[in-house]
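> coords below, sequence missing:
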């Protein structure tokens, strides 16, 4: 394998060299536990607080509103489960506390979308199984964008949380978060029996948005925001949950008093330093990077649709992240296409990295109205700040050749494949 082109930046980005340089001392030289009171501990603590300042500045938040976690999955779990736990607490904790003990009392209600990341969907579905909540799942329009009115109409008197991702991780469509936030603030408390905690609370998973879009929490009108460092050229294993000041949210794990008592466990100093470094670089680079990546994205989309017959773009081209291209090729099986591309040095995915290895149809593409067999012919190509036009030309050439080969052998093979899927279902 000579040439290698990485187009899976939605799964993870490489750690920026500047970020790595800033992290290195905290692995071995400045190795203190940030919770220790001696010199080594305070040295680490100061580094963590510097990173907290960098993150808070980026989100236009207060220092004590930034909670460091192991990543967006943990942040999303803390947001959803933390809000639910708090709503059952004694007053002034939660507005349902005086009703849940009575027979026939309403369960807390959560609104989310059908194409959230699995860590949001599976968390909510598990709470449903435990009979702790009722849920309304909002379908996106065919272009992969949520209708704000659908959210507004779903709000009920017992709605405690609305969770809508900022940018979809598979198809890259951008959701109207600020518009949803405005509606929530306008309708907040009007449908509830009490004003405790300012229900419904608004949460967004901004993991795929942070590198490309304005994430000022005041402009967005969000109460909770999640993200991961490894999507913005930072390290894996570290993330953030923004919790608006005054919001009553309960911790979900027990232990020490780290992170203002919200997230127990020894602080990941090196990872947090890397997160702070990575996020501090975004504002300086975002405009330039966005313009460059968007231009390459549009070039890639146009070239694929023009040169490869029976191909189409999944999701809106306009309301789309600058780095995301999700295309469908009819009469092609996605996993086979991925393997062929990989053998020629092109690295992409069929959808979320968290679902790799699964042959189940993408829940995101199904939510757009695609048939199961259509979802299996989709390919996600996500560009990065170092992607070049020369690489794009090579990728299209390889995709075109691979699709042609697969279509030649697809006929009866694919027919048998989908037939067996229907039989198993």
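Perfect, I can see it now. What you see is a predicted model; the values in this text were computed from it and never measured.
> Now do the SS call for residue 249.
What DSSP: H, G, I helix; E, B strand; the rest coil gives for residue 249 is coil.
> Residue 384 now?
Of the three states, residue 384 takes coil under three-state DSSP.
> Surely it touches residue 347?
No. Residue 384 lies out of contact with residue 347 (CB atoms under 8 Å); the separation is 11.4 Å. Quick note: C-beta positions are derived from backbone N, CA and C, even for glycine.
> Okay, and residue 161 sits in which element?
Applying DSSP states H and E as the criterion places residue 161 in strand 159-163.
> centroid residue for the chain?
When CA atoms, centre = their mean is applied to the chain, the residue found nearest the centroid is residue 207 (3.9 Å).
> who's in contact with it?
With contacts defined as CB atoms under 8 Å, 6 or more residues apart in numbering, residue 207 is in contact with 72, 117, 165-167, 169, 226-228, 231, 239.
> Report pLDDT for it.
Note for residue 207: predicted pLDDT of 98.
> ok, and the closest non-adjacent residue to it?
Excluding the flanking residues, the one nearest residue 207 by CB to CB, 6 or more residues apart in numbering is residue 72, at 4.5 Å.
> what do you get for residue 125?
residue 135 (8.0 Å).
> Report the beta-bridge partners for that neighbour.
Counting by DSSP bridges, residue 135 is bridged to residue 110.
> What about it, how many residues nearby?
If you count neighbours by other CB atoms under 10 Å, residue 135 ends up with 17.
> Show me what whichever strand or helix holds residue 312 is in contact with.
For residue 312, the host element (DSSP H and E) is strand 311-313. Here strand 311-313 makes contact (CB under 8 Å, 6+ apart) with 301, 304-305, 325-330, 403.
> residue boundaries of the helices in the protein?
Listed from the start of the chain, the chain has helices (DSSP state H) covering 17-23, 25-28, 39-59, 72-87, 118-129, 148-154, 177-187, 217-220, 269-280, 282-307, 334-343, 363-367, 372-375, 389-424.
> Wait, residue 229 touches residue 277, no?
No. Between residue 229 and residue 277 there is no contact, the gap being 9.4 Å when judged by CB under 8 Å.
> Tell me the spacing between the nearest residue to residue 80 once chain neighbours are set aside and residue 153.
Spatially, and ignoring its direct neighbours in sequence, residue 80 is nearest to residue 123 (5.1 Å; CB to CB, 6+ apart). Using CB to CB, to the nearest Å, residue 123 is found at 24 Å from residue 153.
> now swap in residue 338 and tell me
According to CB to CB, residue 338 and residue 153 sit 39 Å apart.
> The two: which is more packed in?
residue 338 (19 against 11).
> Would you agree that one is in contact with residue 344?
No. With contact defined as CB under 8 Å, residue 338 and residue 344 do not form a contacting pair (11.2 Å).
> Low-confidence stretches in this structure?
1, 90-105, 189-197, 351-359, 411-425 (pLDDT under 70).
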